[in-house]
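Asker: curious how this folds, go ahead:
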Amino acid sequence: MAWSILFVAGLLEVGWAIGLKYTEGFSKLVPSVLTLAAMAGSVILLGVALKSLPIGTAYAVWTGIGAVGTAALGIILFGETATALRLASIGLIVAGIVGLKLVT
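Answerer: Numbers count the residues shown, from 1 in each chain. All right, here's what the predicted structure looks like:
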């Protein structure tokens, strides 16, 4: 259950990271409120997951999910470059997340 909670926390991290782009410096009300809610939810769920997961592993997985999801959505939504090196680097982060899950 803790891993599922951590996964949702990571997805919320992606949500707030992408949301920051849409807030336009927190000048737009609805995107700003949604982004702040995703921030709070992400941290709260991370805290819940930490009740039973090691901090180093959980934090690394949480940030890894956020990094991979944000990079992928940057490519999809904002037309950021998807070079082979960038995609390979994202793949390395995914491999690290999987590795941490397997050893915990």
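
Asker: show me where the chain has helices.
Answerer: Using DSSP state H, the helices found in the chain span residues 2-23, 29-49, 55-78, 84-103.

Asker: okay, now L36: neighbour count?
Answerer: A count of nearby residues for L36, using other CB atoms under 10 Å, gives 14. In short, each C-beta sits where N, CA and C put it, glycine included.

Asker: which residues does it contact?
Answerer: W16 (CB atoms under 8 Å, 6 or more residues apart in numbering).

Asker: how about 10 Å then?
Answerer: 16, 19, 23, 26 (CB atoms under 10 Å, 6 or more residues apart in numbering).

Asker: for T104, see how far away the residue nearest to A72 when sequence neighbours are not counted is.
Answerer: Using CB to CB, 6 or more residues apart in numbering and skipping residues adjacent in sequence, the residue nearest A72 is I90, 7.0 Å away. Distance, I90 to T104, using CB to CB, to the nearest Å: 22 Å.

Asker: likewise F78?
Answerer: The value you get for F78 to T104, if CB to CB is used, is 33 Å.

Asker: ok, now A88?
Answerer: 25 Å.

Asker: quick one: which of the two has more around it?
Answerer: T104 (13 against 9).

Asker: centroid-wise, who is the farthest residue in the chain?
Answerer: Going by CA atoms, centre = their mean, the residue of the chain most distant from its centre is S27, 23.1 Å out.

Asker: what about L92, how many residues nearby?
Answerer: 11.

Asker: let me fix that, I meant to ask about G91.
Answerer: 11.

Asker: skipping its backbone neighbours, what lies nearest L77 in space?
Answerer: I18 (7.0 Å).

Asker: the one you found contacts G69, doesn't it?
Answerer: Yes. Using CB atoms under 10 Å, I18 makes contact with G69 at a distance of 8.2 Å.

Asker: give me the most central residue, this protein.
Answerer: G66 (1.7 Å).

Asker: list the contacts for the closest residue to it other than its chain neighbours?
Answerer: Of all residues not flanking G66 in the chain, E13 sits nearest, at 3.5 Å (CB to CB, 6+ apart). By CB under 10 Å, 6+ apart, the contact list for E13 reads 38-39, 41-43, 45-46, 62-67, 69-70.
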